[in-house]
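Asks: I would like the atomic coordinates for the input below:
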Amino acid sequence: MIQAILEKIEKARRILVASHSSPDGDAIASTLALVNGLREMGKDVVAFNADPVPQNLRFLPGAETLVHDLREVVPFDLGFLLDAGELRRAQAPLRELCRSLINMDHHPYSEPFGEINYVDEKASATGVLVYRLFKAGGHPISPAVALCVYTAILSDTGSFRYSNADPEAFRIAAEMVEQGGINPWDVAGGLYESQDEKRLRLLALSLATLQVSPCGQFASLVLTDEMMRTTGARHEHTDGFVNYPRSIRGVEVAILFRQTGPASWKVGFRSKGSVDVGSLARRLGGGGHHNAAGAEVQGSLDEVRTLVHSQLNIGATLP
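Replies: Alright, predicted model coming up:
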């Protein structure tokens with residue numbers, strides 16, 4: 001399969017690389033790893049995301065070249081959609097714009113929308129798949145590619161704390177440090193030590209909504225439109241909020257209810273491993289991994305909470 005992708009790249013001149021909207025670290029970093037590598041091969045590459053690059057990922061090489069509008073572009077010989085799970089999450093007409101489309105992903109149940117679907121659920125990050133592609137093709141890992149691959153793995157493994165931090169993740173990260181010249185502190189500084197003040201003010205409001213179930217195994221936070229307006233924060237500032245309730249001793253599943261419209265909520269789930277929140281999210285029409293997943297649910301906050309709690313069998317209300 002990797003050889004088939006390399007052959008596609010060899011024949012293509014104009015290439016589009018995209019990922020899912022509301023991008024996380026793996027989405028942006030794997031996109032830029034592939035973009036930088038393809039540009040080093042002399043390809044004409046456009047990097048796309050429907051949403052802005054989060055502030056804490058703008059240190060990545062090539063971040064400033066991402067575009068957010070594909071209207072009036074010339075069609076592409078080849079397109080990649082990375083880390084998306086579903087074609088619709090690109091929020092762009094990729095089928096119409098790309099003569100050939102490739103899906104590279106590590107999400108379970110990834111939609112087979114590509115002419116080639118390179119999906120490995122066991123890979124710790126989509127950035128790992130990009131690394132494998134370049135290694136198989138004999139393309140040298142430049143410092144720019146190394147920085148992006150390292151960041152993708154660091155981000156999606158929770159700084160090597162999550163269960164997906166497997167030996168391959170450590171081996172690749174070590175190679176990026178040893179041979180790619182990556183300074184781990186520089187990356188950690190970019191990711192974790194450059195927070196916007198608005199993010200912390202928004203987090204303070206959200207933490208005030210903390211609820212923990214009577215059994216102590218489930219905890220949730222809420223983010224409303226009013227909180228966003230009050231702090232002037234944007235969606236990109238909410239990344240990682242769901243991890244705070246999960247950090248409580250005894251909590252197995254954390255939930256973040258984030259308002260996306262008058263009667264629309266994005267529900268994010270994080271598990272410590274004993275509960276498959278990916279399965280839960282799929283029952284709600286969403287998707288994701290065993291330990292990290294999400295879904296869009298319509299209704300009032302109380303209605304959405306009741307639905308989610310019933311799926312988790314934790315009762316209709318929390319104290």
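
Asks: is it true that Phe80 touches Ile15?
Replies: Yes. Contact criterion CB atoms under 8 Å: Phe80 and Ile15 qualify, at 7.2 Å. Heads up, the C-betas are built off the backbone N, CA and C, glycines and all.

Asks: These two: which has the busier surroundings?
Replies: Just comparing Phe80 and Ile15: by other CB atoms under 10 Å the higher neighbour count belongs to Phe80, 32 against 25.

Asks: three-state assignment of the more buried one?
Replies: On the three-state scheme (DSSP: H, G, I helix; E, B strand; the rest coil), Phe80 is labelled strand.

Asks: With Glu7 instead?
Replies: For Glu7, the assignment made with three-state DSSP gives helix.

Asks: Can you report phi and psi for the residue lying closest to Pro75 once chain neighbours are set aside?
Replies: Closest residue to Pro75 apart from its sequence neighbours, by CB to CB, 6 or more residues apart in numbering: Leu97 at 5.6 Å. Taking degrees, to the nearest 10, you get phi -90, psi -20 for the backbone angles of Leu97.

Asks: likewise the one 5 residues further on?
Replies: Note on Ile102: backbone dihedrals following degrees, to the nearest 10 are phi -120, psi 130.

Asks: What of His237?
Replies: Listed backbone geometry of His237 is phi -80, psi -10, with angles given as degrees, to the nearest 10.

Asks: repeat for the one 3 residues further on
Replies: Main-chain dihedrals, Gly240, degrees, to the nearest 10: phi 90, psi -10.

Asks: again, but for the one 5 residues further on
Replies: With angles defined as degrees, to the nearest 10, Pro245 shows backbone torsions of phi -70, psi -30.

Asks: so what's Ala263 up against?
Replies: Each residue near Ala263 by CB atoms under 8 Å, 6 or more residues apart in numbering is listed here: 298-300.

Asks: Quick check: the closest residue in space to Ser264 that isn't next to it in sequence vs Leu78, distance?
Replies: Nearest residue to Ser264, sequence neighbours excluded (CB to CB, 6+ apart): Gln298, at 5.6 Å. Gln298 sits 37 Å away from Leu78, going by CB to CB, to the nearest Å.

Asks: Between the two, which is the more surrounded one?
Replies: Neighbour tally, Gln298 and Leu78, criterion other CB under 10 Å: the higher count belongs to Leu78, 23 against 13.

Asks: Wait, that one touches Leu16, no?
Replies: Yes. Taking CB under 8 Å as the definition, Leu78 is a contact partner of Leu16 at 7.4 Å.

Asks: list residues touching both of these two?
Replies: Counting by CB under 8 Å, 6+ apart, the contacts common to Leu78 and Leu16 are Cys98.

Asks: would you list the contacts of Ala263 in a markdown table and tack on pLDDT and distance to Val130?
Replies: A markdown table is the format used below for those (pLDDT from 0 to 100; distance: CB to CB, whole Å):
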| residue | pLDDT | distance to Val130 |
| --- | --- | --- |
| Gln298 | 96 | 35 |
| Gly299 | 95 | 38 |
| Ser300 | 96 | 41 |
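
Asks: Among those, which ones are in strands?
Replies: The strands in this structure, assigned by DSSP state E, contain Gln298 from these.

Asks: Just give me the closest of the contacts of Ala263 to Pro184.
Replies: For these, the closest approach to Pro184 (CB to CB) belongs to Gln298, at 42.3 Å.

Asks: quick one, what contacts that closest one?
Replies: Applying CB under 8 Å, 6+ apart, one finds that Gln298 lies in contact with 263-265, 304.

Asks: All the strands of the stretch 201-319 of the chain, in order from the start?
Replies: For the stretch 201-319 of the chain, the strands identified by DSSP state E, counting those that start in this stretch occupy 211-212, 218-223, 253-261, 264-271, 287-288, 292-298, in order along the chain.
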